[in-house]
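J.: Pasting the sequence and the predicted coordinates here, then a few questions.
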Amino acid sequence: MERTIMFCMLFFCSSTALAAASHRALKYRQILRTIENLEPTVKDKDVELLHTPENPVDGCVDTALSCFKNGTLQLQPLNSQVNDTFTQAMKVFRKYTVRGAGKQCKSSCESYKKKTPKEFLKSFAKLIQKV
């Protein structure tokens, strides 16, 4: 009887952990697809440059993701014809929540170099692929 209970507990715990990991992976894949769809529709000239985290240290990945999320909300559409694609992408970014940072990172979003929106999105995609 004890073995059966232990087996059931082990099975339940492992399946819960796998479900959480796969949900996060699906969310990151959705964000990556959204970035790829958004890149050609973003205005890249005569716009404000965005703070772009590159190669954040392990403890600062969540902070970098938060910087990217905030930066995406400042992007502008290339023209009114791509507005629908752009609007859908913005909905995905607004819904995305960055998991709580375990350690506080010493660097803030403003400490990163400013780059064009297209370079910003490429760096965002690289970080999502690493995570």
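T.: Structure's in. What do you need?

J.: how near is residue 40 to residue 74?
T.: 18 Å (CB to CB, to the nearest Å). From N, CA and C alone the C-beta is placed, and that goes for glycine too.

J.: Would you map the helices across this protein?
T.: 2-38, 61-72, 83-95, 117-130 (DSSP state H).

J.: Can you tell me the closest non-neighbouring residue to residue 118?
T.: residue 44 (4.9 Å; CB to CB, 6 or more residues apart in numbering).

J.: what's the answer for residue 111, then?
T.: Here the residue nearest residue 111, using CB to CB, 6+ apart, is residue 51, at 7.9 Å.

J.: Please apply the same query to residue 127.
T.: Closest to residue 127 by CB to CB, 6+ apart is residue 64, at 6.1 Å.

J.: Neighbours of the one you found, how many?
T.: As a burial measure, residue 64 scores 24 neighbours (other CB atoms under 10 Å).

J.: From residue 46, how far out is it?
T.: Counting by CB to CB, the gap from residue 64 to residue 46 is 26 Å.

J.: pretty sure the residue nearest to residue 111 contacts residue 109?
T.: Yes: if you go by CB atoms under 8 Å, residue 51 and residue 109 touch, sitting 4.9 Å apart.
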